[in-house]
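J.: Could you look at this predicted model? Sequence included:
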Amino acid sequence: MVRRESGSNTRVGDVLLEGKGICKDFPGVWKHLILNHIDIDIRAGEIHTLLGENGAGKTVIANCLSGFYSITDGQILVKGKPVTLRSPKDGIQHGIGMVHQELALVKPFTVAQNIALGLSVSDFSYPIQEVRERVKALSDKYKLYVDPDSRVEDLSAGEQQRAEIVKVLYHEPEILILDEPTSLISTDAEHLITALEHMAGMGYAILFITHKIEEALQVGDRITVLRLGKNMGTKDSSRTDKNELVRLMFGEHTPVHLERKPVKSDSIFLEVKDLDAPSTNGEPSLRDISFTIREGEILGFAGISGNGQSELAEVVAGLRKVAVGHVYIGGEDFTNRSPGEIIWAGVAHIPEKRREMGVIEPMTVAENVVLKDVHVAPFSKNSFLNIPQITQHTEDIVAKFGALVSDLWKTETRILSGGNIQRLILSRETWRKPKLIIAVYPTQGLDAKAIEFTWQLFMELREHGTAFLLVSEDLDEIMALSDRIAVMSRGELVNIIDGAQAKREEIGLMIATGSSRQ
Amino acid sequence: MNINFFWGIFIGSLHAMVPITITGTGETIGESAGLFNIGLEGILLLSAMTGALGAEAGGALVGLIVGAATGFTIGLVFGLICTYFRGVQLIGGVGINLFSAGMVAFWLIHLGVPGHHAVAEESRMVDISTPYGSLSPLIFVAIALPIIVYFILFRTRLGLKIRAVGENPQAADVAGIKVNLTRLFSTAVGASLTGLAGAYISIDWIGSVTKEISAGRGFIALATVVFSGLNPLLVLLGGFIFGFFDNLAVWIATMPAVQKVVPWQFVAMAPYVVTLLIVAGVIGRVRFPAAMGIPYERE
Ligand SMILES: Nc1ncnc2c1ncn2[C@@H]1O[C@H](COP(=O)(O)OP(=O)(O)OP(=O)(O)O)[C@@H](O)[C@H]1O
Ligand SMILES: [Mg+2]
């Protein structure tokens, strides 16, 4: 249904969308330009990847090109003609569709309702039936399956991602911008990429944003690297390689080597015994789970999300009630105790939903950093905040992970880029050297350099005696960090194996057979 | 006790239901769009006053229109403050209550008997007489309105738009919806319904204006909306429950046997408490639009 197929005059290779000298400035928040004279063009029939570290400005430029943000300076051209985009609606009218990083879906609505919302039809109509049929047709055409009648909040991350894409395709855009579409669906990315390649073959112009170098090389026909708001160059993916891209992204950078000495201590810090816990939203309920984690040991839960890993993490953090069984922390029974008591027992939590559970978005960076420690010295005294102390501490926390924030007491956390929020949470949850860290997808959305830094920090803490309950879909992360590796399937623990001896294939098989039992 | 007595209570309940239900239905529209107007009480009071003046100038129908227009104007100001000017909704609402209380108290001094203004009989709404008692036409409006609003909110694209700006304004914006305009429209329409209910109180139901004429009904409507989980059909039910106990309480309070033991004020409190308990108990946990109370800014 792309216009070109019906005899339109664009051809493969034509520039459909072009940005010339684009500048974006957030006056009052940042002193420097967030986008500094960016030139970029996207052509019919190609996938153009935009690569950059956290906070490079990838989301901002996507928002500018789709009409969501206004531009401070420069020009946007659609098929060679200058346009002014005042709203996403203008973008859609010019054939530009954008898939947002933090999906733009109304959660309590069904997929069909979300699509109907954006149609230019009478306010008093309710075109759900029509939407339902077209969604089915689009699903078949692009092999992106989604049930139009499911409520968005009941869908898994991957399904939500597909729903968002189908919603955008509904308007028949010729230019498709996808902001980190694979960060929510690491295990299912292959499928999406195939669909996108198929679409490029049909003549779409696609801008694909990622911070993963391998992915950029695999997916893109051309790659543009963005670094702190500057375009570092556009390369043909056949004529560049990983090293060059790393250099463009980060400047000089030497990868670190992780070393893992055997676990020193024999004392068990976390014990989960015969645990059952009910579920919500159709996720599997936890059944009959028992395991232990020693001091200075990392237990990694591998595998596809939605098998109970996040629920398990929530139980240990005190955020979900236990029906049967026990949770012992440091030898003491903490079953169904409050999250506050569990924090005070020395447990830190890096939650899965960083924007919802990790920070309070409308509060400032400094407030978020001291949130958990605000009632104790030195951050407060006689119930009064010690502002200089908090400022100093926040500066340290921010600096440690190199999070990009502007004024500590003025910047609302909401405006930080996804990766920078994650850095803030990581830094805040690790500085106390907790006895146990529950880390759920801890490096989700981080660029390669920040991931290495995180891994290194985890290893240092492990050395120092911190126990880890790690949940990750990234097998490299699990292999690099875990002393033992656990696999869960449908709320049950399938197996726990020794990390040092584990082979990738073996774990892959465990995950596959575990999930094939579904 | 005879059958007529029950009809009396029933018809009385319907009349007492009207202001709660109409106000609550209007507020449901505003809250669905993310604006919480704590100033309903003030709108009821002020439009009871302006409605009465309108009715005396041009008849009952004009009175109702003036009441609704009063509500619309206040809703527009409140909406503008809370959307384009990013104001705090709670303060806007409190402002409405203070402003209205002051205005009505001031006006009442200038209208004949200080503190009490009786609406002239010929300016009052003509009720429909039935064998069991007379019925206000607004009763039918109060029953039809929640059904219509339910249909609009849940079965039209307009309803999707209203609920989307309350739940996820950014997603609505991306879908091409004017977030602030939709919010402004929703709260202003909601407030004009409240204005209609205020005019009903003075020119139809009670027939006079005093400083206490709204008697906390704006707050009860607000509570009913909260506990209904923004479902207008449950607002209708909540309104009737309140109306029923309100009438029952009047009857109990005037029984000589009761009067000796319990002060009437105490009995008059019962409908408020009972309504809250029943509505809260029956409906239980509800979920609110995620972006309730938060002004939207794109960049
Ligand atoms: N609305 C806004 N107001 C002020 N600053 C903003 C706003 N949106 C983004 N920024 C800033 O612009 C910079 C670039 O952010 P952007 O979200 O584009 O990063 P990104 O490259 O997408 O990173 P990530 O990989 O973490 O998603 C960040 O420093 C961010 O804090
Ligand atoms: Mg981004």
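T.: Yes, it's here. Numbers count the residues shown, from 1 in each chain, chains lettered A, B, ... in the order given. Ligands and ions are numbered 1, 2, ... in the order given.

J.: so where's the chain uncertain?
T.: Using chain A here. A:1-9, A:185-188, A:252-256, A:281-283, A:514-518 (pLDDT under 70).

J.: ah, I was thinking of chain B
T.: B:1-2, B:282-285.

J.: which residues in it form helices?
T.: For chain B, the helices defined by DSSP state H occupy B:3-32, B:40-58, B:60-82, B:89-109, B:138-155, B:157-167, B:169-174, B:179-200, B:217-228, B:232-253, B:256-261, B:264-283.

J.: Assign the most centrally placed residue in chain A to helix, strand or coil.
T.: Geometric centre of chain A, nearest residue: residue A:445, 4.1 Å, by Cα atoms, centre = their mean. Classification of residue A:445 by DSSP: H, G, I helix; E, B strand; the rest coil places it in coil.

J.: quick one, what contacts it?
T.: Neighbour list for residue A:445: A:54, A:180, A:183, A:211, A:354, A:418, A:419, A:422 [criterion: Cβ atoms under 8 Å, 6 or more residues apart in numbering or on different chains]. All C-beta spots, glycine's among them, are computed from the backbone N, C-alpha and C.

J.: Can I have the buried ones of the residues you listed as a PyMOL selection?
T.: Buried members of the contacts of residue A:445, defined by 16 or more other Cβ atoms under 10 Å in any protein chain shown, are picked up in PyMOL with:
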select buried, chain A and resi 54+180+183+211+354+418+419+422
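
J.: of all the contacts of residue A:445, which two lie farthest apart?
T.: A:211 and A:354 (15.2 Å; Cβ to Cβ).

J.: From ligand 1, how far off is the spatially closest residue to residue A:164 that is not a sequence neighbour?
T.: Distance criterion Cβ to Cβ, 6 or more residues apart in numbering or on different chains; nearest residue to residue A:164, sequence neighbours excluded, is residue A:103 at 4.7 Å. Separation of residue A:103 from ligand 1 (Cβ to the nearest ligand atom, to the nearest Å): 13 Å.

J.: Report whether residue A:103 is found in a helix, as I expect.
T.: No: Residue A:103 sits outside any helix when classified using three-state DSSP, being coil.

J.: Flag every buried residue along stretch A:111-124.
T.: So, applying 16+ other Cβ under 10 Å, buried residues of stretch A:111-124: A:111, A:112, A:113, A:114, A:115, A:116, A:117, A:118, A:119.

J.: Ligand 1 contacts on the stretch 301-450 of chain A?
T.: The stretch 301-450 of chain A has residues A:404, A:415, A:416, A:417, A:418, A:419, A:420, A:445 near ligand 1, with proximity defined as Cβ under 6 Å from any ligand atom.

J.: let's see 8 Å
T.: By the rule Cβ under 8 Å from any ligand atom, the part of the stretch 301-450 of chain A lying against ligand 1 is A:404-406, A:411, A:414-422, A:445-447.

J.: Among the residues you listed, which one sits closest to residue B:49?
T.: residue A:414 (42.8 Å).

J.: so what's residue A:113 closest to, chain neighbours aside?
T.: Using Cβ to Cβ, 6+ apart, the closest residue to residue A:113 is residue B:160 (5.7 Å).

J.: what number of residues lie near the one you found?
T.: 26 (other Cβ atoms under 10 Å in any protein chain shown).

J.: got the contact list for it?
T.: A:109, A:113, A:116, A:117.

J.: how about JSON lines for those residues, with secondary structure added?
T.: Below are those laid out as JSON lines (three-state DSSP):
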{"residue": "A:109", "secondary structure": "coil"}
{"residue": "A:113", "secondary structure": "helix"}
{"residue": "A:116", "secondary structure": "helix"}
{"residue": "A:117", "secondary structure": "helix"}
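
J.: what's the closest of the residues you listed to residue A:391?
T.: residue A:109 (42.1 Å).

J.: still on that earlier bit, the residue nearest to residue A:164 against residue A:160, yeah?
T.: Yes: between residue A:103 and residue A:160 there is a contact at 5.7 Å, judged by Cβ atoms under 8 Å.

J.: Need the residues touching each of these two.
T.: With Cβ under 8 Å, 6+ apart as the test, residue A:103 and residue A:160 both reach residue A:184.

J.: hmm, back to that, pull out the buried residues from the residues of the stretch 301-450 of chain A next to ligand 1.
T.: In terms of neighbour count (16+ other Cβ under 10 Å), the buried residues within those are A:404-405, A:411, A:415-422, A:445-447.

J.: Among those, which pair sits farthest apart?
T.: Between any two of these (Cβ to Cβ), the greatest distance is 20.5 Å, for A:411 and A:447.

J.: circling back to that earlier point, can you tell me how far the residue nearest to residue A:113 is from ligand 1?
T.: 26 Å.
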